[in-house]
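> Here is a sequence with its predicted model. Questions after.
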Amino acid sequence: MLRLIDYLAGIIEDLLFWIVKAFSYFLAGVIIVGLPLCGLAALLEWISSAFFKHTISFKESGDSIKVSAFSFLWKLLHFYIF
C-alpha cells in the first residue's frame, strides 16, 4: 500500500513539474519573442505615421476609399499570411 501511495505521489510530482516547466517555457518565449516583437510593431507604426502620409484611392462598390499606403500593404500582407 505504501508503494502505491509513493507511486501516485511520484506521478503527481512529475505532472506538476511538467506543468511548471511548460509554463516557464511559454513565459520565456513571451519575454524573448513577444516583447521585442511588440516593440518592433510600435516602432513601425510610429515610422508609418511619421513618414508615410501618402494615400491610395480605389473604388469599392461605388464608394471611393482612401487608405495610407503602409496600411494597405500591411493589410495585404496579413491577408496572405493569415
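Nice, I can see it.

> Quick one: the strands in this protein, in order.
Per DSSP state E, the chain carries strands over the ranges 55-60, 63-68.

> any weak-confidence spans in this structure?
Along the chain, segments meeting pLDDT under 70 span 52-73, 76, 78-82.

> pull the longest helix from it.
Counting residues, the longest helix found in the chain (DSSP state H) is helix 2-29.

> Kindly state the domain boundaries assigned to the protein.
The record's domain split for the chain, according to automatic domain parsing, is 1-51, 53-82.

> Can you measure across the longest one, start residue to end residue?
Which is domain 1-51. 73 Å (Cα to Cα, to the nearest Å).

> Could you shift the numbering so residue one becomes 44, and keep it that way?
In the new numbering, first residue 44, that becomes domain 44-94.

> and the longest helix of the chain, which residues are buried?
In terms of neighbour count (16 or more other Cβ atoms under 10 Å), helix 45-72 has no buried residues at all. The C-beta positions use only the backbone N, C-alpha and C, and glycine is treated the same way.

> same deal with stretch 80-96?
For stretch 80-96, by 16+ other Cβ under 10 Å, it's residue 91.
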